[in-house]
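1. Next comes the sequence, and after it the predicted model I'd like to discuss.
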Amino acid sequence: MKKLKKGQEIEIENYELKEAETSPPTRYNSGTIILAMENAGKLIEEEELREQIKGAGIGTSATRAEIMKKLERIKYIKINNKTQIVTPTDKGEMIYDIVRNSMPDMLNPKLTASWEKGLDMVAKKDIKPEEFMTKLENYINLKFKKVMM
């Protein structure tokens with residue numbers, strides 16, 4: 001059987017409809033959400049940016065756990081003590097909706113990868129730290145202006 005590629009056209013010989021109900025996706029638990037953060041690079045289509053966070057993912061292994069603790073402490077999520085299932089709180093869902101509607105790119109690991117790329121360029125002395133910080137500050141100010149309007 002040939003491998004299919006994204007966007008490839010195929011010829012359909014036969015099809016049938018099947019009545020069924022979908023089941024919701026499995027809920028994240030504290031372990032699977034940390035793994036998703038670690039493997040966030042898999043969600044990025046641009047190879048250069050994907051490679052940037054492929055090995056590290058979002059945050060370091062130490063900071064991922066701290067991120068989860070902080071989200072729970074500020075009541076954006078709840079973590080069930082017994083099952084470790086992560087559930088967003090009403091407050092967390094409101095924050096998510098605000099971010100999704102006003103600056104959706106903040107929810108995309110591609111943004112983290114581009115910031116990591118910038119930091120890597122600073123480390124390799126391809127750009128000056130001031131240049132990276134100016135670009136970052138301009139981006140953040142633009143986003144905040146959009147939210148405040």
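-> Nice, I can see it.
2. So for stretch 109-123, what gets flagged as buried?
-> Using 16 or more other CB atoms under 10 Å as the test for burial, stretch 109-123 gives 109-118, 122. From N, CA and C alone the C-beta is placed, and that goes for glycine too.
3. again, but for stretch 89-96
-> Those would be Gly92, for stretch 89-96 by 16+ other CB under 10 Å.
4. Leaving out the residues flanking it, which one is nearest to the residue nearest the centre of the chain?
-> For the chain, Pro109 is the residue whose C-alpha lies nearest the centre (CA atoms, centre = their mean; 3.8 Å). The shortest distance from Pro109 to any non-neighbouring residue, by CB to CB, 6 or more residues apart in numbering, is to Ala40 (3.9 Å).
5. hang on, the one you found packs against Asn108?
-> No - using CB atoms under 8 Å, Ala40 is not in contact with Asn108, being 9.4 Å away.
6. Name the residue in these two with the higher neighbour count.
-> In terms of neighbours (other CB atoms under 10 Å), Ala40 is the more surrounded of Ala40 and Asn108; the figures are 21 against 13.
7. ok, now which ones touch that one?
-> Listed by CB atoms under 8 Å, 6 or more residues apart in numbering, the contact partners of Ala40 are 53, 57-58, 109, 112.
8. In the helix or strand harbouring Ile34, which residues are buried?
-> With elements taken from DSSP states H and E, the one containing Ile34 is helix 30-38. If you call a residue buried by 16+ other CB under 10 Å, then helix 30-38 has these buried ones: 30, 33-34, 36-38.
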